[in-house]
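In: Sequence and predicted structure are below.
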Amino acid sequence: MSRSEFEAAAEAAVAALGLSRGKDLAGLLARRGSKERALAELTAPGADAAVAELYDAMASESVPLAEAAAYVRGYVAAMRHARDRVRVRTVWTGPSTPAVPFRATAQVMVDVIDEAPNELLAMTYAARPYSALTRALTAAAERGVKIHIVVETLAGARGLLKGREPAEAFAFVPGLHLWHWARNTADHPHSRQHTKLAVADRRTLFLGSANLTELFPVTVGYRP
């Protein structure tokens, strides 16, 4: 049976303690340690309140200590597994150098699109037609990928973007969904949508300063 208050409190306690001390928390619970003992032994900046709330949630939802220990131990193991699977790789656009084996930004962007089996989200400030990108997006659409692209508008850029609307760069991709930020100009008159990223199936993140044009500046890619 799900105990939402306890589960949320356990996850918050592990977040406050860190994974190593979170494992210690599981061990203390397994040894039937009291709230007072936990607060005395599991010292970490800002963690006291989270640990106390965990014990309070255990009491309010009648969670046995053994069950709490198993949940916390499993949650710590899952978080360690997720952390260990994340890889960070840097990619680069010009000037090329044989001394450092960076991958090209444009090629990595195409790879992220090619690897998306179900869903792709991309965001950009400026955009111009770029044949390699258009081909990759078209192929993704043809294999059934749901593609959402968020762009800035000429009006939203307030004179900093020139030429055609960024959305027109994607006019030849079938089935693509285009979006732009609906900003509150009264409260934030100078805000702009300046993010540049692509996310494939919520697993692969490509993040950096590269607009979806043929001019790709330095970018960092995060890939699990």
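Out: Here it is on my side, so go on. Numbers count the residues shown, from 1 in each chain.

In: Near residue 10, how many other residues are there?
Out: Neighbour count for residue 10, taken as other Cβ atoms under 10 Å: 27. All C-beta atoms are positioned from the backbone trio N, CA, C, and that covers glycine.

In: so it is in which element?
Out: Taking DSSP states H and E as the criterion, residue 10 maps to helix 4-17.

In: what residue is smack in the middle of the protein?
Out: Using Cα atoms, centre = their mean, the residue of the chain that lies closest to the mean C-alpha position is residue 205, 6.7 Å off.

In: so that residue touches residue 197, yeah?
Out: Yes: contact criterion Cβ atoms under 8 Å: residue 205 and residue 197 qualify, at 6.7 Å.

In: For the longest helix anywhere in the chain, name the packing helices and strands.
Out: Longest helix in the chain by number of residues, with DSSP state H as the criterion: helix 65-85. When contacts are defined as 3 or more Cβ pairs under 8 Å, 6 or more residues apart in numbering; DSSP states H and E, helix 65-85 sits against helix 4-17, helix 19-30, helix 48-60.

In: Direction included, what does the helix or strand just after that helix pair up with?
Out: Sequence order places strand 87-92 as the next helix or strand after helix 65-85, per DSSP H and E. Applying DSSP bridges, strand 87-92 is found paired with strand 103-104 (parallel), strand 219-223 (antiparallel).

In: which residues touch residue 80?
Out: When contacts are counted by Cβ atoms under 8 Å, 6 or more residues apart in numbering, residue 80 touches residue 19.

In: I should have written residue 148 there, sorry.
Out: Applying Cβ under 8 Å, 6+ apart to residue 148 gives the contacts 119, 120, 121, 122, 176, 177, 179.

In: rerun that using 7 Å as the cut-off
Out: When contacts are counted by Cβ atoms under 7 Å, 6 or more residues apart in numbering, residue 148 touches 121, 177, 179.

In: In terms of mean pLDDT, which of the strands paired with strand 87-92 ranks lowest?
Out: Of all those, the minimum mean pLDDT falls on strand 219-223 (a mean of 44).

In: quick check: angle from the one helix or strand residue 107 maps to to strand 87-92?
Out: When secondary structure is defined by DSSP H and E, residue 107 falls within helix 105-114. Interaxial angle, helix 105-114 versus strand 87-92 (axes from the mean of the first three to the mean of the last three Cα atoms, to 10 degrees): 140 degrees.

In: which helices and strands sit right next to helix 105-114?
Out: Applying 3 or more Cβ pairs under 7 Å, 6 or more residues apart in numbering; DSSP states H and E, one finds that helix 105-114 makes contact with strand 87-92, helix 131-142, strand 196-200, strand 204-208.

In: what mean pLDDT does the helix or strand that the longest one is followed by have?
Out: Looking back up the chat, that one is helix 131-142. Sequence-wise, the next helix or strand downstream of helix 131-142 (DSSP H and E) is strand 146-151. Mean per-residue pLDDT for strand 146-151: 94.
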